[in-house]
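Student: give me a 3D structure for the following:
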Amino acid sequence: MALLTQKSGCCLILAVMVGIIGQVAAPSGAWAAEAAPSSTMPAAEAGHSTDGVRLKDLCEIEGVRENQINGVGVVIGLSGTGDKAPGALRMIRQFIDKKRIALSEADLAAKNVALVTVTSDLPPFKRPGDRIANTMVACVNDATSLRGGILIQTALTPGTSETVYAVAQGPVSVGGFGNAGPSLAGGGTGHTNIETVGTIAQGAIVEREVPMSLLFQDRLQLVLRNPDFATASRVARILKGSFGADRVVAADAGRIALLFQGKPTETDLVDTIAKVMDLRVDPDMKARVVINARTGTVVAGRDVRISPVAVSHGGLSLRIQPKQVAVAGTAGNATTTAVQWIDPATNFKTTNPPAGTKPGLVPGSMSVLEGATVEDIANGLNALGARPRDLVAIFQALVGAGALHAELVEM
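Tutor: Okay, here's the model as predicted:
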């Protein structure tokens, strides 16, 4: 994986090559038994080794998922930065009415309240009384800041349902505002944040458990986070080596099923899932280049390949030249071999190699060899002064010419 970042006109390049290979399968046997790791099939045949990726990092169990919950509430205690619209005051009056206190909206005419939306994700297996790690709070109307405010108790429901699954309450943290730096520094470094959005840490309490189903009839179904036929085949092979070939079915590129002869006990099911999730496999991945046109960040996968091509963009010229070709000749009775380089645009042959990733003698031009990485190209283009939008246009041209053998994703 290669990561390249452009900031303040300079190119900061971080290249991380990740070699991922799988692990040797555990032995076949009873699905509920704990067995010491040993090989039942050769590592080369299974396509994995001890340095693979755990299945818990590649797969999800079908039926086990988070649920989005949300609500509308009021933040109080603001220092004159609340809503000008009367919506928040009406909600406050309704809240006070439930406490059997009679107040009118005129009695509550203050700028220290704000109408907000409250959103959170309810993780699986959370029981009533458990707390949710983080809850987001965002202004609805024209409040200018939530700094220093407190969210009063707000019911959180999934979608349009009226069933309350959690309630949220607590101080809102905006963060990222003011000066920060060493205590001896004069004033520190000023930094700001969007003050109309905040978080409440551990501020939501689960009121109702979401039922989860681990088994579908007689099978445990694993779903790949990134569906891929090669990865699904490798996962199935690993599971067959551990549980037996007759118990594993790869349904498609994203789903692998582990079958049971009968209904397992809860303890056996948990032990089996733990064993499955600890297996390792070498995942395959699609060649992909991701570009952020706003920041100039380019991220490329390890399998990206670039063919010979010539690209001209504005005042920039990029040529990707084929590798050298050997030309045999004779000098008297001896046979000699000369190395020549072919220009993809003119087909001219020369004995001089291309300039590599450094800018060429002609301003705005660069040549690289066939097989060059995205890192090489982005590095050279940045050295020529290419801007983020120039990088996007050039990589788009490489895709259009069929020279970039990868999916191009723009952020």
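
Student: buried sites along the helix or strand harbouring residue 258?
Tutor: Here residue 258, judged by DSSP states H and E, is contained in strand 255-259. Residues of strand 255-259 classed as buried: 255-258 (neighbour count, 16 or more other CB atoms under 10 Å). For every residue, glycine as well, the C-beta is placed using N, CA and C.

Student: so where's this structure uncertain?
Tutor: Residue ranges of the chain with pLDDT under 70: 1-50, 104-109, 176-192, 321-364, 367-371.

Student: quick one: the strand holding residue 258 to chain centroid distance?
Tutor: In terms of CA atoms, centre = their mean, to the nearest Å, the centre of strand 255-259 is found 25 Å from the chain centre.

Student: how far away is residue 310 from residue 397?
Tutor: Per CB to CB, to the nearest Å, residue 310 is found 10 Å from residue 397.

Student: typo on my end, it should be residue 308
Tutor: Applying CB to CB, the value for residue 308 to residue 397 is 14 Å.

Student: how about residue 405?
Tutor: 14 Å.

Student: phi, psi for the closest residue to residue 318 other than its chain neighbours please.
Tutor: Counting by CB to CB, 6 or more residues apart in numbering, residue 311 is the residue found nearest to residue 318 once chain neighbours are left out, at 4.5 Å. The phi/psi pair for residue 311 (degrees, to the nearest 10) reads phi -130, psi 130.

Student: number of residues surrounding residue 311?
Tutor: Residue 311 has 22 neighbours, counted by other CB atoms under 10 Å.

Student: return the residues in contact with it.
Tutor: By CB atoms under 8 Å, 6 or more residues apart in numbering, the contact set of residue 311 is 317-319, 394, 397-398, 401.

Student: and of the buried residues of strand 255-259, the nearest to residue 277?
Tutor: Closest approach to residue 277 among these (CB to CB): residue 258, at 11.4 Å.

Student: ok, now which ones touch the closest one?
Tutor: 219-222, 239, 243, 247-248, 272, 276.

Student: go again using 10 Å as the cut-off
Tutor: Residue 258 sits next to 31, 215, 218-222, 236, 239-240, 242-244, 247-249, 272-273, 276 when contact means CB atoms under 10 Å, 6 or more residues apart in numbering.

Student: what do you get for residue 173?
Tutor: 134, 137, 146-149, 198-201, 203.

Student: following the helix of greatest length in the chain, which helix or strand comes up?
Tutor: Determined from DSSP state H, the single longest helix within the chain is helix 229-243. Scanning forward in sequence from helix 229-243 by DSSP H and E, the next helix or strand is strand 248-250.

Student: compare residue 405 and residue 397 and say which is more crowded by neighbours.
Tutor: Shown here are residue 405 and residue 397; by other CB under 10 Å, residue 397 has more neighbours (16 against 13).

Student: and that one, that one's in a strand?
Tutor: No. Residue 397 is assigned helix when assessed by DSSP: H, G, I helix; E, B strand; the rest coil, not a strand.

Student: was I right to think it contacts residue 309?
Tutor: Yes. Applying CB atoms under 10 Å as the test, residue 397 and residue 309 come out as touching, 8.5 Å apart.
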